[in-house]
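# Got a predicted structure here, sequence first:
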Amino acid sequence: MTIVLQQLFNALALGGVYALVALGLTLVYGVMRVPNFAHGGLYMLGAYLTYASLDRLGVGYVPALIIAALGVALLAALLERLIFYPLRDAPHVHPMIAAIGVLFFLEALISHPSVFGPDFKQIAEPLPGILNLGGVTLTWQRLLIIVASLLVMWGLNFFLKRTLTGATIEAMSQNREGARMVGINTNRVGMLTFAISGALAAVAAALVAPINAVTPAMGEVMNLKVFAIIILGGMGSVPGAIVGAFLLAFTEVFGGFYISLDFADLIGFTMLVIVLAIRPQGLFQRGT
Amino acid sequence: MNVNGAKRGKGLSVGRVIWPALFILAALVPLFSPSGYALDIGVNIMIWAMLAYGLNVMLGFTGLLPLAHAGFFGIGAYTVGILTLKVGWSFWLAWPVAVALCALVGLLLGLVAFRTKGDAFSIFTLGVGVIIMLVINKWDALTGGNDGLNGVMPPAGLEAFSKALGLKLSSGFYLLALVSLAVTVLVVARARYSTFGLSLIAIRGGEDLARSAGINVFTHKLRAMMLSTAIAGFAGGLYAVFVGFLGAAVTGPTTTFTVLLYLLVGGLGTLAGPLVGTAIIYSLTQTLKGLEDYQYIVFGPMLVLLVMFAPHGLAGLWARLRARLSARRAAPPAQTPDQTPDQSPDQSPDQTKEVNRA
């Protein structure tokens, strides 16, 4: 029983990270209809910005997280202006290919020896140590991830549902033309959504970086997983992204535990293929 | 397939002279005893160009972006590797089996993947591509896992054949690759200008429209997928015997994207594009040796700039140039080439615009 509880906590932490990254991706898809393959690159960049702030600027963990979030948000907004906005009317494979170009550029740039190099970097846990809850051990960092990701999700939900700016994002993802007709500046909303999505990815990366090593390839792996998640949840759906994230995390953790750790990644993708074979539109159909 | 129909375009009749001439000239190259290095580059270009032709059938003709092609390349390569090394089959038997297997797996993938629409299709196939790579990487007993498959032998008789012509083995590989490429181009050209190919172009223009014209969209997409993956396996099988060593890395998404770049540079949906693009970018890569692992520092921005400013690639630029020249000659009714429906780069996916985004 304790083992199951232990795995449950691990899955919750993993799911929190997946959810943050997937939420950004699904928001951008909802608003811009762009499957942003560069998203994993932004996530990876967030981890490296956190590392650089800690290691080279010597600031604390929280300021490093904020620097990473702001830096990646800025870059994401810039990408929207320079690439995705001009491509908004192009055939849908074009922005996809451009995003792939950005992803591989970021990865190659970071792994170049004169930038960070191909070797992995490590970030010390800001809260070292273990919490013992009746036999179930939990690192403080995992607890931090669970709490922080839930807080961020709650904040995002508040922003989308309760503020005017947030409502414009929802409106635009429901109906672009309609949003424009009621006077929403769709241009600005697109940029804002990209910035938010970048910040979410960077926060997730900063949270998970002390547990996993920081490597240039981390974005590519995450990319595939969050895409699997948003396809599962229905592309553009916010609740779908959260449910999909935890579903994938639970499948990976428990599948890895009961079947084989070697095939943990494979289990996730196999689940995706099976779900799509049965329900091609994802678990949560989007009402557009 | 109705190849002799009246629908054959101008592109093909000119191509009927140029393509055979090109291949005959290329076949004469080994007579001038070029260096083994130059021949190897030639073989590499031809293998990757074949993969680009396979991708072109889907992306260029049908307008769908599948991202599992390196996986099919890998299935073809590993099938040849496993059948020749572990089962002891001859390459000449293993190669067609590999192609057939790729077509079959492509059919199975299509049956599931075509249930998803638009962007989800690309992402779904990307996931499948990763699964293929992971399976190859982890299934130690069959594929050698991380260590890969070592010592795939050159095809039986190829060395004797080269000797009989007074050539080295590298020239033999070069000729084999040339024949394979010629077969690929021929098959793709025939498919493109047949009723089947025209139906694919119609699907690219808009699936609902194609359906209302009486085209069975699902079946046509399945066939396009099978042709496309079979070509990928064909290229992969050749790669296996040429390189002699197989590792899982080459079957991953990075390979798919690199070939996508070749295709984009040359020109989507054209017959010459895949070969031209591969030849240019692959040769360029050889001069960027210092960047090797970091070539995407150059390639990444290149992909972005291409889709933004030259989405039709070199073929598109060439068509625009020709149109401008002929417009100057023919004066007043200066038409863009996009109006004539059967020239090659004309109906690039651009015209699908909003239809696909709906």
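Cool, got the structure. Numbering: from 1, shown residues only, chains lettered A, B, ... in the order given.
# which SS state does the residue in the stretch 151-288 of chain A that chain B sits nearest to fall under?
Here the residue of the stretch 151-288 of chain A nearest chain B is A:Pro280; by Cβ to the nearest Cβ that distance is 3.7 Å. In short, each C-beta sits where N, CA and C put it, glycine included. Three states are possible here, and by DSSP: H, G, I helix; E, B strand; the rest coil the one that applies to A:Pro280 is coil.
# That one and B:His312, how far apart?
Distance of A:Pro280 to B:His312, computed by Cβ to Cβ, to the nearest Å: 32 Å.
# swap in B:Val265?
11 Å.
# Check A:Gly255 too.
Noted for A:Gly255: a distance of 45 Å to B:His312, by Cβ to Cβ.
# Those two: who's more crowded?
When A:Gly255 and B:His312 are compared on other Cβ atoms under 10 Å in any protein chain shown, the one with more neighbours turns out to be B:His312, at 24 against 19.
# Tell me if I'm right that that one and B:Leu321 touch.
No: the pair B:His312 and B:Leu321 fails to qualify as a contact (Cβ atoms under 8 Å) at a distance of 11.7 Å.
# Show me the shaky parts of the stretch 251-358 of chain B.
For the stretch 251-358 of chain B, the stretches flagged by pLDDT under 70 are B:289-293, B:331-358.
# Can you classify A:Glu125 by secondary structure?
Reduced to three states by three-state DSSP, A:Glu125 is coil.
# Give me the nearest residue to it, chain neighbours excluded.
With sequence-adjacent residues excluded and distances taken as Cβ to Cβ, 6 or more residues apart in numbering or on different chains, A:Glu125 is closest to A:Pro210, at 4.3 Å.
# all strands in the chain, in order from the N-terminus.
Here I'm looking at chain A. Counting by DSSP state E, the segments of chain A that form strands are A:130-133, A:136-139.
# wrong one, chain B
Secondary structure of chain B by DSSP E: the strands cover B:149-150, B:245-246.
# looking at these, which has the lowest confidence?
Of all the strands of chain B, strand B:149-150 carries the lowest average pLDDT, namely a mean of 84.
# hmm, back to that, dump the residue contacts of the residue nearest to A:Glu125.
Applying Cβ atoms under 8 Å, 6 or more residues apart in numbering or on different chains to A:Pro210 gives the contacts A:Ile123, A:Ala124, A:Glu125, A:Pro126, A:Gln141.
# for the fourth one, what are its contacts?
Which is A:Pro126. Applying Cβ under 8 Å, 6+ apart, one finds that A:Pro126 lies in contact with A:Gly60, A:Tyr61, A:Val62, A:Gln141, A:Leu144, A:Pro210.
# Quick one: end-to-end length of stretch B:303-320, please.
The stretch stretch B:303-320 measures 20 Å between its terminal residues, going by Cα to Cα, to the nearest Å.
# So that stretch, near chain A or not?
Yes: judged by Cβ under 8 Å from any Cβ of the partner chain, stretch B:303-320 and chain A are in contact via B:Leu303, B:Val304, B:Leu306, B:Val307, B:Met308, B:Pro311.
# What is the nearest of these to chain A?
Comparing the residues of stretch B:303-320 next to chain A against chain A with Cβ to the nearest Cβ picks out B:Leu303 as the nearest, at 3.1 Å.
# Surely the closest one touches A:Leu103?
No: under the contact definition of Cβ under 8 Å, B:Leu303 does not touch A:Leu103, with a separation of 9.7 Å.
# ok so, going back, can you tell me which of the residues of stretch B:303-320 next to chain A end up in helices?
Among those, DSSP state H puts B:Leu303, B:Val304, B:Leu306, B:Val307, B:Met308 in helices.
# Count the residues that sit near the last one.
In terms of burial, B:Met308 registers 17 neighbours under the definition other Cβ under 10 Å.
# B:Leu176 is in contact with B:Ala27, correct?
No: the criterion here is Cβ under 8 Å, and B:Ala27 misses it with B:Leu176 at 11.2 Å.
# who's more crowded, those two?
More neighbours sit around B:Leu176 than around the other of B:Ala27 and B:Leu176, counting by other Cβ under 10 Å; the figures are 20 against 14.
# Distance-wise, check that one relative to B:Arg190.
According to Cβ to Cβ, B:Leu176 and B:Arg190 sit 21 Å apart.
# Identify the residues contacting A:Gln7.
Neighbouring residues of A:Gln7 by Cβ under 8 Å, 6+ apart: A:Val253, A:Phe254, A:Phe257.
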